[in-house]
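Enquirer: what would the 3D arrangement of this be:
(2 chains)
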Amino acid sequence: MAESPESELAEGLRRGDERAFEQLYRLYSDGLFHLAERMLGSAADAADVLQETFVAVFRRIETWRGEGSLKSWLYQIAVRFALRSKRRRPLTVDFDDEEQVPPPAIHDPPPAEMDFRSAVDAEIARLPTRARMVFVMHTVDGMTHPEIAKVLEVDEGTSKSQLHYARSLLKRRLARFERELA
Amino acid sequence: MSSRDLGATGATPPDPERTPPTRFERRIADAARALVRPLPPELYESIAAAARDPDTAHAAAARSLVRPAPLPFAELLQKARAAETDAFDGAFDRAIADAARSLRRPAPPELLDLVRAAARAATPAPQSPPRFRLLHPLLRPLLAAAATLVAGLALFFASQGEATAAPHPALLSATALARAESETTALASRADTLEAEVAADPALAADESLAPLLEEAAFLEMALSECRAALELSQAHSHLREQLRTLSERRVLLLATLAAARDAAHGGGAPSAGAGR
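Expert: Numbering: from 1, shown residues only, chains lettered A, B, ... in the order given. Predicted structure coming up:
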């Protein structure tokens, strides 16, 4: 029976193959970095999370059972590190707190020059943490609801409802652009 | 006022049907009437149809009353969520999604070297082959089957050996109880024989040197009778059974000592039956 690419990759990592490590990094680093940056609002913190995630994967690849996808496992680790990093900050933001202080937008132009793209960036940053994570994983990274559910350790319905919530909020907050775009 | 009094005065008992309702009762009746809703028009039609064609219309009327069972709330919510999630496919939603995707930046290229160096520096976690083997997907069902078999066998042998094993540490099993009863009976029988021998000699009671032993014998008899009374509640009580056996043994030993003393006083005779323990 032919092994899946992920299993081959995992096998390579178990052997300590650097090419496998690099391949894994190239496959998932952008998505993980973006998610971490969206969660933490800081490229430096996101870089730390990315580093911790890959080191943890390298050290613990033998514990990956191959039941879910390697991608889900990687995202799960990254989300845990990001949440831990968030908790360590002086300005603690509760995971489930809807009325929270938003992390800064990734691209933060002055309000006068704010175009649609910048507004989307700012509004994504204003989303509640969980809804933001689901939105980024689903819409930006193209992950399925079962994958997201596994990463966040919630059920699929929760993933769907959080996506719906995120989309509704974005749509409402960006409504001023709707007519222009039409 | 009794019925005789009523007969004597010619008054009749109040009839609740004829008594005019109080204002409160009228308000309740009005409220109840207000709650009565008219039958749905389709039901009138069904009933009318039933009057025209009773064979089929009765069934139709019955069917019109049957509504599909409501879906469980969780299922309804799930469907609603799925429907609403899928509904976000308008041009504006797509524009938002496209903008969100365009905002994704790649991880800084220099990070790969940093991550690689960190991964190299990190010692890989020591391999644990036994644990890994246990976690192997193919081995797991086998292990589960083996564990089930062992558990099943343990249960089977436990049920087979129920007669010999103690079902509860505080209670004796049937076999252990029978053995304990047999031992106690033998000890009691031996003690009775010895006691008869001792009692047959009135000189022993007068012997002051034997007075402590006689007192202890009396004490032991009292303790034994208390122990037997306690065992009435539960013959299988292991602790009480053990105590009964210990007391019986002590009584036999004591009576044997007394019998030996009597034999010695009589200038040596045949050893008593209970002394050979």
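
Enquirer: list the contacts for residue A:70?
Expert: Contact criterion CB atoms under 8 Å, 6 or more residues apart in numbering or on different chains gives A:6, A:9, A:10, A:24, A:64 as the residues in contact with residue A:70. Any C-beta I mention is one placed from the backbone N, CA and C, and that applies to glycine too.

Enquirer: and the last one, what are its phi and psi?
Expert: What it means is residue A:64. Note on residue A:64: backbone dihedrals following degrees, to the nearest 10 are phi -70, psi 120.

Enquirer: wouldn't it be in contact with residue A:9 here?
Expert: No - taking CB atoms under 8 Å as the contact criterion, residue A:64 and residue A:9 are not neighbours in contact, 10.2 Å apart.

Enquirer: rebuild the contacts of residue A:70 as TSV, extending it with secondary structure.
Expert: Formatted as TSV, the entries for the contacts of residue A:70 read as follows, by DSSP: H, G, I helix; E, B strand; the rest coil:
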residue	secondary structure
A:6	helix
A:9	helix
A:10	helix
A:24	helix
A:64	coil
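
Enquirer: among those residues, which two are most distant?
Expert: By the measure CB to CB, A:24 and A:64 form the most distant pair in these, at 11.4 Å.

Enquirer: okay, the two: which has more neighbours?
Expert: Set side by side, residue A:24 and residue A:64 show unequal neighbour counts under other CB atoms under 10 Å in any protein chain shown, the larger going to residue A:24 at 22 against 19.

Enquirer: surely the more buried one touches residue A:9?
Expert: Yes - between residue A:24 and residue A:9 a contact is recorded at 5.7 Å, counting by CB under 8 Å.

Enquirer: can you pull out the helices in chain B?
Expert: Counting by DSSP state H, one finds helices in chain B at the ranges B:3-9, B:23-35, B:41-52, B:54-65, B:73-86, B:91-102, B:110-121, B:129-135, B:139-160, B:174-199, B:202-206, B:211-231, B:238-265.

Enquirer: likewise chain A?
Expert: Read by DSSP H, chain A holds these helices, from start to end of the chain: A:5-15, A:18-40, A:43-60, A:70-88, A:116-126, A:129-135, A:145-152, A:156-173, A:175-181.

Enquirer: chain A - how does it break down into domains?
Expert: Domain segmentation of chain A under automatic domain parsing yields A:5-88, A:111-176.

Enquirer: how many other residues sit next to residue A:142?
Expert: Counted by other CB under 10 Å, the residues lying close to residue A:142 total 10.

Enquirer: and residue B:191, by the same measure?
Expert: The local packing of residue B:191 (other CB under 10 Å) involves 24 other residues.

Enquirer: list the contacts of it.
Expert: Contacts for residue B:191 (CB under 8 Å, 6+ apart) come out as B:248, B:251, B:252, B:255, B:274.

Enquirer: and the third one, how far from residue B:238?
Expert: Between residue B:252 and residue B:238 the distance is 21 Å, computed by CB to CB, to the nearest Å.

Enquirer: okay, the two: which has more neighbours?
Expert: Taking other CB under 10 Å, residue B:252 and residue B:238 do not tie; residue B:252 has more neighbours (24 against 18).

Enquirer: any regions of the chain where pLDDT drops low?
Expert: I went with chain A, as the question did not name one. A:1-4, A:89-114, A:181-182 (pLDDT under 70).

Enquirer: my question was about chain B
Expert: For chain B (pLDDT under 70), the answer is B:1-19, B:21, B:36-89, B:122-143, B:158-169, B:202-208, B:265-277.

Enquirer: make CSV out of the contacts of residue B:191 and add distance to chain A.
Expert: Putting the contacts of residue B:191 into CSV (distance: CB to the nearest CB, whole Å) gives the following:
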residue, distance to chain A
B:248, 64
B:251, 68
B:252, 68
B:255, 73
B:274, 73
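
Enquirer: centroid residue for chain A?
Expert: To find the centre residue of chain A, average its C-alpha atoms and take the closest one (CA atoms, centre = their mean): that gives residue A:35, at 2.8 Å.

Enquirer: name the nearest residue to that residue, ignoring sequence neighbours.
Expert: Using CB to CB, 6 or more residues apart in numbering or on different chains and skipping the chain neighbours, the partner closest in space to residue A:35 is residue A:136 (5.3 Å).

Enquirer: residue B:244 now?
Expert: residue B:227 (4.8 Å).

Enquirer: distance of that neighbour relative to residue B:239?
Expert: Residue B:227 sits 10 Å away from residue B:239, taking CB to CB as the criterion.

Enquirer: can I get the contacts of residue A:70 in CSV with distance to residue B:214?
Expert: Written out in CSV, the entries for these read as follows (distance: CB to CB, whole Å):
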residue, distance to residue B:214
A:6, 91
A:9, 93
A:10, 88
A:24, 94
A:64, 83
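
Enquirer: out of these, flag the one nearest to residue A:160.
Expert: residue A:6 (25.0 Å).

Enquirer: and residue B:155, how many neighbours?
Expert: 10.

Enquirer: ok, how many other residues are close to the residue nearest to residue A:53 when sequence neighbours are not counted?
Expert: Closest residue in space to residue A:53, ignoring its immediate chain neighbours: residue A:78 at 4.4 Å, by CB to CB, 6+ apart. Applying other CB under 10 Å, we find 26 other residues in the vicinity of residue A:78.

Enquirer: give the contact list for the closest residue to residue B:172 other than its chain neighbours.
Expert: The spatial neighbour of residue B:172 that comes closest, neighbours along the chain excluded (CB to CB, 6+ apart), is residue B:236 at 4.4 Å. Residues in contact with residue B:236 (CB under 8 Å, 6+ apart) are B:171, B:172, B:173, B:177.
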